[in-house]
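[1] got a predicted structure plus its sequence, pasted below:
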Amino acid sequence: MSYEIKKVVVLGSGLMGNGLTQVFARDKDTAVVLRSRSKKSNPFEGVRADLDILIKNGAMTEEDAGAILSRMSFTDDMEEALADADLVVECVLENMELKQDLFREIEPLIRPDTILATNTSVMSITQIASKTQKKDRVVGTHFWNPPYLIPLVEVVKGDGTSLEVVDAVYGYLKKIGKKPVKCMKDVQGFIANRLQHAIWREALYVVEAGIADAATVDEALKYGPGLRWPHLGILENVDMIGADLSLDIQRGVIPYLADNKEPSALLEKLVAEGKLGFKAEPDADGLHEGYQKWTDGQIAESRTALREYLIKVTKDLK
Ligand SMILES: NC(=O)c1ccc[n+]([C@@H]2O[C@H](COP(=O)([O-])OP(=O)(O)OC[C@H]3O[C@@H](n4cnc5c(N)ncnc54)[C@H](O)[C@@H]3O)[C@@H](O)[C@H]2O)c1
């Protein structure tokens, strides 16, 4: 079967659905339909807000934003929207039954060659596909937040997904300017979250073991290896220093790293005490506690600074 993606339907207009709609509509050859369940007066409010951030930071012109919006439409009429869809991407809540039932419901409304993609963060693609008739067309497309700034998309093959579908989605994402990678096994955490969580486990252990506090752990990464990672691949680094040296280092350090199979005990304790970080209720001094204590100003600054940083670094990304 040959696949040509010209019309995309995004299901769910929350944080990720809005972001994905913008990503697809940036391509001048793609028409995007956004479908929401919420009855908001303006379903494009969220997309417009994201575009405004880019305009404010000089990363987009008003004219380009207008062109992006002109390629989008919104509907509650699923039948009409899906009849000629080439790709359907679901971005509804992270709930297995909801996603399974949604794909089962819409399957009679789509063509045999329409691809069904799920933006699940961590759930099994194979399981999400289990209630559909044609499992070869169900694929994972794991975008990262904010999807219009983070280039990575993990294209995840479920047990039944055909290689043609994986290749078609990979090729399309590349064409519209994303940096897709193929994850050829339906494993928990796909690729990037496995890497992130391996570091996370160690970071939490370093704090729990009293080796350094949370702010110090963050500094050690930010001003050390973290600076290299956008440029030097971590496995490229192995080749750079030599496999022999890498092996010696592994022999010396691997036996001492965290290897817990349960979530961090300290993390469990923080949650039990309501110390949820930025979203924690403020204490008597107005601070929001998690691993560290944060003022409202620091929280706002952290969010803005991340977005501004991403806008800056992704502008020149090759
Ligand atoms: N937030 C992230 O950082 C992130 C990153 C990657 C992947 N994801 C995944 O993307 C998906 C969406 O996450 P989000 O953060 O956008 O959530 P969200 O809560 O912001 O949005 C979910 C949207 O789905 C809608 N919805 C629920 N049932 C629906 C249905 N049957 N039909 C159509 N719309 C329906 C809701 O009204 C809401 O607008 C989840 O699977 C999540 O795990 C999230």
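    Okay, I see it.

[2] going forward, measure contacts between C-alpha atoms and count neighbours the same way
    OK.

[3] what does the helix or strand of the chain with the lowest mean pLDDT rub up against?
    In the chain, no helix or strand scores lower on mean pLDDT, DSSP states H and E than strand 31-35, which sits at a mean of 86. For strand 31-35, the external contacting residues (C-alpha atoms under 8 Å, 6 or more residues apart in numbering) are 6-13, 17, 21, 24-25, 71-76, 78, 81.

[4] from the chain's centre, how far out does that strand sit?
    Put simply, strand 31-35 sits 19 Å off its chain's centre (C-alpha atoms, centre = their mean, to the nearest Å).

[5] can you show me the CA trace of the strand or helix carrying Tyr309 as PDB?
    Using DSSP states H and E, the element containing Tyr309 is helix 296-315. The C-alpha trace of helix 296-315 is given here as PDB (Å, rounded to 0.1, in the frame of the first residue of the first chain):
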ATOM      1  CA  ASP A 296       5.800  32.200  42.300                       C
ATOM      2  CA  GLY A 297       8.300  34.400  40.500                       C
ATOM      3  CA  GLN A 298      10.800  31.600  40.100                       C
ATOM      4  CA  ILE A 299       8.100  29.300  38.700                       C
ATOM      5  CA  ALA A 300       7.000  31.900  36.100                       C
ATOM      6  CA  GLU A 301      10.600  32.600  35.200                       C
ATOM      7  CA  SER A 302      11.400  28.900  34.900                       C
ATOM      8  CA  ARG A 303       8.600  28.300  32.400                       C
ATOM      9  CA  THR A 304       9.300  31.400  30.300                       C
ATOM     10  CA  ALA A 305      13.000  30.800  30.300                       C
ATOM     11  CA  LEU A 306      12.600  27.300  29.000                       C
ATOM     12  CA  ARG A 307      10.300  28.400  26.100                       C
ATOM     13  CA  GLU A 308      12.700  31.200  25.200                       C
ATOM     14  CA  TYR A 309      15.600  28.900  25.300                       C
ATOM     15  CA  LEU A 310      13.900  26.300  23.100                       C
ATOM     16  CA  ILE A 311      12.900  29.000  20.600                       C
ATOM     17  CA  LYS A 312      16.500  30.200  20.400                       C
ATOM     18  CA  VAL A 313      18.200  26.800  20.100                       C
ATOM     19  CA  THR A 314      15.700  25.200  17.700                       C
ATOM     20  CA  LYS A 315      15.900  28.100  15.300                       C
END
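
[6] in it, what counts as buried?
    Across helix 296-315, burial judged by 16 or more other C-alpha atoms under 10 Å covers 299, 311.

[7] from the middle of its chain, how far away would that helix be?
    17 Å.

[8] then stretch 150-169?
    14 Å.

[9] list the contacts of that stretch.
    Residues outside stretch 150-169 that contact it (C-alpha under 8 Å, 6+ apart): 1-4, 115, 124-126, 135-144, 170, 173, 177-186, 190-191, 310, 314.

[10] any of the residues you listed buried? List them.
    3, 115, 124-126, 135-144, 170, 173, 178, 180-184, 186, 190-191.

[11] of those, which belong to helices?
    Judged by DSSP state H, those include 125-126, 170, 173 as members of helices.

[12] save the residues you listed as CSV, and put in pLDDT too.
    Shown next, in CSV, are those (pLDDT from 0 to 100):
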residue, pLDDT
Ile125, 98
Thr126, 98
Tyr170, 98
Leu173, 98
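
[13] ok, and of those, which contact the ligand?
    Among those, not one lies near the ligand by C-alpha under 6 Å from any ligand atom.

[14] identify the farthest-apart pair in these.
    The span of these, defined through C-alpha to C-alpha, is set by Thr126 and Leu173 at 21.3 Å.

[15] anything in the helix holding Tyr309 near the ligand?
    No. Legend: contact between helix 296-315 and the ligand by C-alpha under 6 Å from any ligand atom is lacking; minimum distance shown is 13.3 Å.

[16] that's all I had, so thanks and see you.
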